[in-house]
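**Student:** sequence first, predicted coordinates after that:
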Amino acid sequence: MAHRLFEEKHHASIYQKYRIIPPDTVLQLILEYLNKKKGPPHELAVDLGCGTGQNTRLLAPHFQKVVGIDVSECQLEQARAVPGFANVTYRSGPAEDLPFPDGSVDLLTAASAAHWFDAERFLKEAARVLKPHGCIALLGYSDEFSLYYGSCGDKLTNIYSEVTKVIKPYASPPVAIANSRLQDLFEAIPFPDKERVTNISLKMEMTVAGLVGFVESFSFCQAYLKEDPQAATALLESMMRRLQDEMGVSSPDTHLEFKTDFYCVLACKPQ
């Protein structure tokens, strides 16, 4: 990858603990697309920028072998520590230089990671390793979140928005690519058979502490923590207090509802 922002051990641990998992609807969309374009057998899926393996593990029941690849050894250490996935392995490396023979991969995925890739080199490598009719699936979620708890949902969402307004100036340029739902990368894919699906709704419960941990996992929050640890820590602590005060609760383990939208870029290599 051209950008290496998730490599420290602490960042890997909060990424594993707090990062949201793609909903079943996204996985089913990808599998249906692969079945329609290529069909079985589904031998090898490769999850690029796999991080701590949340998306990698979702693929395990549907392929003979799944390989997660990431540049961060700390992230991979967290991924390998999760038991129960005998057909999943992890390797260190970039998305632009893959350790697979030509025409050997059924599916290439990247969950909230493709915006960090060097697009030209990644797409060239994808075209090399994919089987005929093999597929690409690049997924992520909107940067627009809504929070719900009783009648104070709008106020909770505003607190979140105020916090992200402080940390967004620390975002790297690729974050804007993700926020565009990978529009430029979609247009750059050389395969004629491609589509981009947006507005895939996700609703889930998370705790107040989980929401704050999720924000802390953002690359630009980590950049702020490096730049000004005291101010960044105070911001996160203030977010926790403000959410609890608005909700009228004393425990950070109190659940609220979180809503966002996922998107997925799908493409099929020609024969």
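**Tutor:** Looks like it arrived, so ask away. Residues are numbered from 1 along each chain as shown.

**Student:** OK, contacts around Leu202?
**Tutor:** By Cβ atoms under 8 Å, 6 or more residues apart in numbering, the residues touching Leu202 are Ile20, Pro23, Tyr141, Lys259, Thr260, Asp261, Phe262. Yep, even glycine has a C-beta here, placed from its N, CA and C like the rest.

**Student:** is it fair to say it lies in a helix?
**Tutor:** No: according to DSSP: H, G, I helix; E, B strand; the rest coil, Leu202 belongs to no helix; its state is strand.

**Student:** return the backbone torsion pair for Val88.
**Tutor:** phi -110, psi 130 (degrees, to the nearest 10).

**Student:** burial count for it?
**Tutor:** 22 (other Cβ atoms under 10 Å).

**Student:** wait, doesn't it sit right on Gln54?
**Tutor:** No: the criterion here is Cβ atoms under 8 Å, and Val88 misses it with Gln54 at 11.9 Å.

**Student:** what ranges do the helices span in the stretch 51-200 of the chain?
**Tutor:** 54-59, 73-80, 119-129, 153-167, 174-179, 183-188 (DSSP state H, counting those that start in this stretch).

**Student:** out of the ones you listed, which is closest to Glu227?
**Tutor:** Nearest to Glu227, of all the helices of the stretch 51-200 of the chain, is helix 153-167, at 10.0 Å by Cβ to Cβ.

**Student:** tell me what that closest one is packed against?
**Tutor:** strand 146-148, helix 208-216, helix 219-227, helix 229-247 (3 or more Cβ pairs under 8 Å, 6 or more residues apart in numbering; DSSP states H and E).

**Student:** dump those to TSV, plus distance to Phe186 and mean pLDDT.
**Tutor:** Listed next are the helices and strands packed on helix 153-167 as TSV, based on distance: least, Cβ to Cβ, whole Å; pLDDT from 0 to 100:
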stretch	distance to Phe186	mean pLDDT
strand 146-148	25	96
helix 208-216	26	93
helix 219-227	21	88
helix 229-247	33	96
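
**Student:** would you mind finding the most buried of these?
**Tutor:** Burial of the helices and strands packed on helix 153-167 is given as mean neighbour count (mean count of other Cβ atoms under 10 Å); helix 208-216 ranks first at a mean of 21.

**Student:** before we move on, back to that, could you dump the helices and strands packed on helix 153-167 to JSON lines with distance to His255?
**Tutor:** As requested, the helices and strands packed on helix 153-167 are exported to JSON lines (distance: least, Cβ to Cβ, whole Å):
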{"stretch": "strand 146-148", "distance to His255": "10"}
{"stretch": "helix 208-216", "distance to His255": "8"}
{"stretch": "helix 219-227", "distance to His255": "22"}
{"stretch": "helix 229-247", "distance to His255": "10"}
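
**Student:** thanks again, I'm all set now.
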